[in-house]
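*Asks:* What follows is a predicted structure for the sequence shown.
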Amino acid sequence: MTSSPRPVHPLETTTQRLRVRGLDTGPADQTERVVVFVHGNLSSSEFFRRQLEALPEGWRGVAPDLRGFGGTDPEPVDATRGVRDYSDDVLSLLDALGVARAHLLGWSLGGGVVAQAAIDRPGAVASLVLVNPVSPHGYGGTRADGSRLADDDPGAGAGLANPRLVELLAAGERSGDDPSSPRNVMNGLYFAHGFRSPDEEELLTSVLSSRTGTDHYPGDAAPAASWPGTGPGDHGVLNTLAPKHFDTSALARLGDGSDDGGRRPPVLWVRGEHDAIVSDAAALDLAVLGGAGVVPGWPGAEVYPVQPMVSQTRAVLDAYAASGGSYREVVLDAGHTPHVERPQEFAAALHEHLTTADAEQEEPRRG
């Protein structure tokens, strides 16, 4: 990390889609060597502040708040487009900043967002950094090979949300008195080993900036014919990741016949090995909860198997490598937020990746 923190400034700009706020290291006219940090669900750009401060000189870090989080306009989320409301917002931000090509870093939900942006506009991507990303086959209701359990995606979408958490988010509850309070959910699910961030109050404020309701978190639920009886609706953040709406497995074919001369940007995959949210046996997976008796009526692994999320991501990245791309996997002793829990190790891996990817990008120009 740098010897002294880089100054971080507020980001505020209006794109063709909405008014975006977040964090920026500037300068405002820098359009090359730009890293865009895309946060996950129930968070905002604040989760990247320490990584923005640690960026090497000569690099610009831009961390937008996604719609419905932080200070960005709370435009509604159309989940039938998967995460494209978010990814189109990110691409529109690049256009507004005059950035033709950027390094895109996405954490959790943000990993799906940057993957979708790369699929839709490969020429805009210098490299990808996936941080504990959502599986390329969505969250909930798929087999190991990514195939869906049923057409109505039982166990995926907004029906998974804890209604008490939603209530306390809407109320802006800051205490830890309730087991489902935003503070306890953040400390218990985002972090591993009982980690408590020195920036806990700022991060909690970030979590509480999340808009709630049908158009945001969690969205609307729909009945499903089989266990657990609920599936995704068409609105809001959790439904964007339902397999019927979301599939970024085309990342494996990035560069095939693209508008960028077949270029395959390098990928860095960083994950916390103790992640409770995205793993091969995630604590929030309905099959895991059903097998533990927390959610009654689980029909068994033959009917409703655990989703191996990490293995699904690895399979897509292996296919990408087999087609001529490259990726590097870095596993840190952390939970869902390695950039918060292990900031120095994370920064070291990120900076090495950026330096290497930048050198690779410069080669064609020199040639």
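*Replies:* Sure, I can see it.
*Asks:* quick one, longest helix in this structure?
*Replies:* For the chain, the longest helix by residue count, based on DSSP state H, is helix 343-366.
*Asks:* which helices and strands sit right next to it?
*Replies:* helix 49-54, strand 102-107, strand 125-131, strand 267-272, strand 327-332, helix 338-341 (3 or more Cβ pairs under 8 Å, 6 or more residues apart in numbering; DSSP states H and E). C-beta coordinates here come from the backbone N, C-alpha and C atoms, glycine included.
*Asks:* Columns mean pLDDT on top of the ones you listed, output as JSON lines?
*Replies:* Formatted as JSON lines, the helices and strands packed on helix 343-366 follow (pLDDT from 0 to 100):
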{"stretch": "helix 49-54", "mean pLDDT": "98"}
{"stretch": "strand 102-107", "mean pLDDT": "98"}
{"stretch": "strand 125-131", "mean pLDDT": "98"}
{"stretch": "strand 267-272", "mean pLDDT": "98"}
{"stretch": "strand 327-332", "mean pLDDT": "98"}
{"stretch": "helix 338-341", "mean pLDDT": "98"}
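*Asks:* List the contacts of the longest helix of the chain.
*Replies:* 1, 33, 35, 50-51, 54-56, 59, 101, 103, 105, 126-127, 129, 265-266, 268, 270, 328, 330, 332, 338-339 (Cβ atoms under 8 Å, 6 or more residues apart in numbering).
*Asks:* what ranges do the helices span in the stretch 51-200 of the chain?
*Replies:* Taking DSSP state H, counting those that start in this stretch, the helices of the stretch 51-200 of the chain run over residues 84-97, 109-120, 163-171, 182-185, 200-208.
*Asks:* how about TSV for those, with mean pLDDT added?
*Replies:* Formatted as TSV, those follow (pLDDT from 0 to 100):
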stretch	mean pLDDT
helix 84-97	98
helix 109-120	98
helix 163-171	98
helix 182-185	98
helix 200-208	98
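*Asks:* looking at these, which is buried most?
*Replies:* Of all these, helix 109-120 has the most neighbours on average by mean count of other Cβ atoms under 10 Å, namely a mean of 26.
*Asks:* Who are the packing partners of that one?
*Replies:* Packed next to helix 109-120, using 3+ Cβ pairs under 8 Å, 6+ apart, are strand 34-38, helix 84-97, strand 102-107, strand 125-131.
*Asks:* The ones you listed: which one's closest to residue 197?
*Replies:* Taking Cβ to Cβ, strand 102-107 is the member of these nearest to residue 197, at 14.8 Å.
*Asks:* report the angle between the axes of that closest one and strand 267-272?
*Replies:* With axes from the mean of the first three to the mean of the last three Cα atoms, to 10 degrees applied, the angle from strand 102-107 to strand 267-272 works out at 20 degrees.
*Asks:* any idea how far residue 130 is from the residue nearest to residue 44 when sequence neighbours are not counted?
*Replies:* Excluding the flanking residues, the one nearest residue 44 by Cβ to Cβ, 6 or more residues apart in numbering is residue 70, at 3.4 Å. Distance of residue 70 to residue 130, computed by Cβ to Cβ, to the nearest Å: 21 Å.
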